[in-house]
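Peer 1: Quick one, structure for this:
(one chain, ligands or ions: 2)
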Amino acid sequence: MKKKIIARAIVVSALLMLNSCAANTDKDNTEVIADDKKTSGSVFAMDTYMTVTAYGDNGKKGIEAAQKEITRLEKLWSVTDENSEIYAIDHSGGAEVPISTETEELLDFAIDMHSRTNGALDITLYPVLRAWGFTTGEYRVPDDDEISSLLECKGVDRIKAGDGKASVPENTEIDLGAIAKGSAGDAAAKALKEQGVTSALLDLGGNIQTVGDSKPDGTKWKVGIRDPFGEGSIGTLTIGECAVITSGGYERFFEMDGLIYKHILDPETGRPAESGLASVTIIGNEGRMCDALSTSLYVMGLDDACGYWRENHDFDMILVNDKGVVYVTEGISESFSPNVDDVTVVER
Ligand code: ADP
Ligand code: MG
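Peer 2: Ligands and ions are numbered 1, 2, ... in the order given. Take a look at the predicted model:
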């Protein structure tokens, strides 16, 4: 059942405000800027610019711990760093390699989400992504034969992970691009809390995760949801402690012979997913789950995404279709102030 509601007009800034005090950049490419009320830090990791803003006295310590955690996980999960655990699995010629608990847990999670999403999330698409040039920026459109033969190498059932070891057969390659940032956000939020931070906002390349239900002054967090067709936002979400994670074709794409090719692939076809959705934002408690769902519900399209939401009660979502129509699930419809003309509320 769907019903239309009329949008409320709002004018709220969507962006994180960074402080303007003196900055300190160290060799890890991290930066901490502070004043007495809030501390902001940034780090370039996982192919994206990330900022962490923490409120209160322990901000600097918390941010440093969060940055360290993000950098540590990037070193485990990078698909291109020759010293990463994922690189070792992908290049061992099928032999088992030792992996950390974090990597084993994330692989188990990805395998589980593959089956829960009916195959829409598939971390073994890397050879296909490479053929399209999404891994290098050297974009091309592979022909049908090339795609079919590369698809023969995929399959999460080929991943063997357990007892601190993992392997994939030769020619199969793992890429955690769809879930690593959300998972790193969970770890960074935990690191902030361990340092005594009770109020913080993490922006991991547009993935938002918060620590604490509000800022110290009691105001809730306001997060702008990006307009997939432009620079502005489609509305603002007012949230407590949670993750707000968006996948959209606009994030990485290329144009060739007048056609647009986007970086989220349909594992069944090996081609950019053409599901009729322009962006999918997932709101939930766990970053890795929201990240996994933002990618896989984008692949599924509106109807299957709504079906998945009706069966799984641990998240909410905001979907924008190719025509710019916005769909919001009922759990967050009250906390979403749209900038657009009309919004459809999706009911259970
Ligand atoms: P972003 O990383 O841009 O925020 P996503 O979380 O949606 O966006 O992840 C997209 C990335 O996931 C792609 O760049 C690619 O590395 C990988 N990927 C693409 N399609 C799939 C898929 N169907 N399942 C799992 N990973 C995918
Ligand atoms: Mg994702």
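Peer 1: for the residue nearest to residue 108 when sequence neighbours are not counted, what are its contacts?
Peer 2: Leaving aside its sequence neighbours, residue 108 sits nearest to residue 161 (CB to CB, 6 or more residues apart in numbering; 6.5 Å). (Each C-beta comes from the backbone N, C-alpha and C, glycine too.) Neighbour list for residue 161: 99, 104, 107, 108, 111 [criterion: CB atoms under 8 Å, 6 or more residues apart in numbering].
Peer 1: Might you list the low-confidence residue ranges for the protein?
Peer 2: Residue ranges of the chain with pLDDT under 70: 1-31, 34-36.
Peer 1: Could you rerun that using 80?
Peer 2: Counting by pLDDT under 80, the chain contains low-confidence ranges at 1-37, 251.
Peer 1: What residues of stretch 235-248 count as buried?
Peer 2: Judged by neighbour count (16 or more other CB atoms under 10 Å), stretch 235-248 contains these buried residues: 235, 236, 237, 239, 241, 242, 243, 244, 245, 246, 247, 248.
Peer 1: ugh, typo on my part, it should be stretch 135-150
Peer 2: 135, 141, 142, 147, 150.
Peer 1: Please apply the same query to stretch 276-291.
Peer 2: Within stretch 276-291, the residues that count as buried by 16+ other CB under 10 Å are 277-284, 286-291.
Peer 1: Then stretch 93-103?
Peer 2: 96, 97, 99, 102, 103.
Peer 1: Please apply the same query to stretch 155-171.
Peer 2: Buried, per 16+ other CB under 10 Å, within stretch 155-171: 155, 156, 159, 161, 166, 167, 168.
Peer 1: can you tell me the helix or strand for the residue nearest to the second one when sequence neighbours are not counted?
Peer 2: When the adjacent residues along the chain are set aside, residue 156 lies closest to residue 114, with 4.6 Å between them (CB to CB, 6+ apart). In this structure, residue 114 sits in helix 101-116 according to DSSP states H and E.
Peer 1: Tell me the helix or strand right after that helix.
Peer 2: Counting by DSSP H and E, what follows helix 101-116 is helix 126-132.
Peer 1: Who are the contact partners of residue 103?
Peer 2: Residues near residue 103 by CB under 8 Å, 6+ apart: 76, 77, 85, 86, 166.
Peer 1: Residue numbers of the stretch 201-348 of the chain in contact with ligand 2?
Peer 2: 247, 291, 294, 295 (CB under 5 Å from the ion).
Peer 1: can you map out the strands along the stretch 151-300 of the chain?
Peer 2: 160-162, 165-167, 200-204, 207-211, 221-226, 233-239, 243-248, 253-256, 259-262, 265-266, 271-272, 277-284 (DSSP state E, counting those that start in this stretch).
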